[in-house]
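Asker: pasting the structure only:
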């Protein structure tokens, strides 16, 4: 077998899954070489990035060799031999599923989540599982078991959350694909922070069975706003993964339903109509983001697409934000109550239903006493550091977000303005020392549901 250096020399480190499949089909590289190269990169660079928290290298190499043997016999499955990662919150048989919660550190899954099983059936080689924030409930990625995940482009920045480990792994060349989950940006924000691709599909389109906390049966479920979704280094791969994952769960509606995704309405950019929305009445948009969107709009116009910046069909954005927050809090509220019960003495997840004991993501809700922005803007959407304009694209978390009790963040302490009802130091930017044992830590001791932060959330629900 040739050395994995051939995979690196062929400039396949950051190739898409489609490109890797074509290279293996042309006998330019083998799955074993690609897998060894990915493992080598993880071992060399992941001590600082900390994206892959549960490696599964031995089984990955075995699966890669089996994929090469199958290809030699004419097997042409769509992901045959492609190295991938999986978000830690998905069950993978034989590996722990903790959701970043210490009480689950020894909980091993006995079967694969449906989504994982389908990717394996398509030939994917699972390198391991990627890091998550505690309970998947944050816009950064840190937990007491595995530590903090840093952004591969800048180790002083966050990779986002809650699928931050998967996004960082893709950006660092640790596998060509991954899968994550999303309720309030947990797929989309990390992809944006790390410069990769992610898609939040329609609710119920992809099977969620096996994306559950330890101590709960891996049953199919649906919750408002909750979905799982594909992550990749290219948009074409998102479409490929969606096709592979989108069959109904055979233990749920799949018993009597079939799914046929319609093709794209057009295959030429000039035939599309594009509405550009680069402002929001409740939050200012960073000038750099508006410039990038404007540049994209100009390029689309240049190839013939019909680009508009206003439309009477656009929903009321303020009302849409209020409705979204109501849906989010309705979905998240029961989980918070169960979380509070668990914190009082019972084992986390021990009495929770299959829908999971913790939210899949929570937006940063800023306290009403703020340094920048209007009261409504800051309460609902604030994600800026002290003294900066609020921006949904900031790669640093809010200077004073309201955090759940069980979350823990690391980094340099920043102080809020006088009168702020913040709960303490809140930035998630890590310190200059990236060793896992040398990171500074601070625990938020006050239960958020007993502080003024809950009143802020209630005002949002009523507004």
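Answerer: Sure, I can see it. Since the model is a prediction, treat every value here as computed from it, not as a measurement. Residues are numbered from 1 along each chain as shown.

Asker: can you list the weak-confidence ranges in the protein?
Answerer: 1-10, 333-463 (pLDDT under 70).

Asker: per the record, what domains does it have?
Answerer: Using automatic domain parsing, the domain ranges for the chain come out as 5-255, 269-308, 317-462.

Asker: return the set of buried residues in the second one.
Answerer: Within domain 269-308, the residues that qualify as buried by neighbour count (16 or more other Cβ atoms under 10 Å) are 272, 276, 282-286, 297, 300, 305, 307. All C-beta spots, glycine's among them, are computed from the backbone N, C-alpha and C.

Asker: for the residue lying closest to residue 75 once chain neighbours are set aside, helix, strand, or coil?
Answerer: Leaving aside its sequence neighbours, residue 75 sits nearest to residue 123 (Cβ to Cβ, 6 or more residues apart in numbering; 7.4 Å). Following DSSP: H, G, I helix; E, B strand; the rest coil, we place residue 123 in the coil state.

Asker: and residue 123, what does it touch?
Answerer: Counting by Cβ atoms under 8 Å, 6 or more residues apart in numbering, residue 123 makes contact with 67, 70, 75, 77-82.

Asker: out of the residues you listed, which sit inside strands?
Answerer: Among the contacts of residue 123, no member falls in strands (DSSP state E).

Asker: still on that earlier bit, now, among the buried residues of domain 269-308, which is nearest to residue 261?
Answerer: Nearest to residue 261 among these is residue 272, at 18.3 Å by Cβ to Cβ.

Asker: how close does that closest one get to residue 312?
Answerer: Residue 272 is 19 Å from residue 312, where distance means Cβ to Cβ, to the nearest Å.

Asker: one more: residue 61?
Answerer: Computed as Cβ to Cβ, the residue 61 to residue 312 distance reads 57 Å.

Asker: show me which of the two is the more surrounded one.
Answerer: Legend: neighbour count by other Cβ atoms under 10 Å for residue 61 and residue 312, higher for residue 61 (17 against 4).

Asker: assumed the more buried one was part of a helix.
Answerer: Yes. The assignment for residue 61 (three-state DSSP) places it in a helix.

Asker: the spatially closest residue to it that is not a sequence neighbour: neighbour count?
Answerer: Spatial nearest neighbour of residue 61, excluding adjacent residues (Cβ to Cβ, 6+ apart): residue 35 at 5.9 Å. Residues contacting residue 35 under the criterion other Cβ under 10 Å number 27.

Asker: contacting residues for residue 35?
Answerer: Counted by Cβ under 8 Å, 6+ apart, residue 35 has contacts 4, 60-61, 63-64, 81, 83, 125, 127.

Asker: over to it. Which of the three states is it?
Answerer: Three-state assignment for residue 35 (three-state DSSP): helix.

Asker: just the one 10 residues further on next, same as before
Answerer: The three-state assignment at residue 45 reads helix, by three-state DSSP.

Asker: verify the stated contact: it with residue 171.
Answerer: No. Judged on Cβ atoms under 8 Å, residue 45 makes no contact with residue 171 at a distance of 10.9 Å.

Asker: more neighbours: which of these two?
Answerer: The residue with more neighbours, out of residue 45 and residue 171, is residue 171; 22 against 15, by other Cβ under 10 Å.

Asker: check which helices and strands the helix or strand where that one lies is in contact with.
Answerer: Residue 171 belongs to helix 164-172 when elements are defined using DSSP states H and E. Applying 3 or more Cβ pairs under 8 Å, 6 or more residues apart in numbering; DSSP states H and E, one finds that helix 164-172 contacts helix 31-49, strand 52-55, strand 83-87, strand 125-130, strand 150-151, strand 177-182, helix 188-194, strand 227-232.
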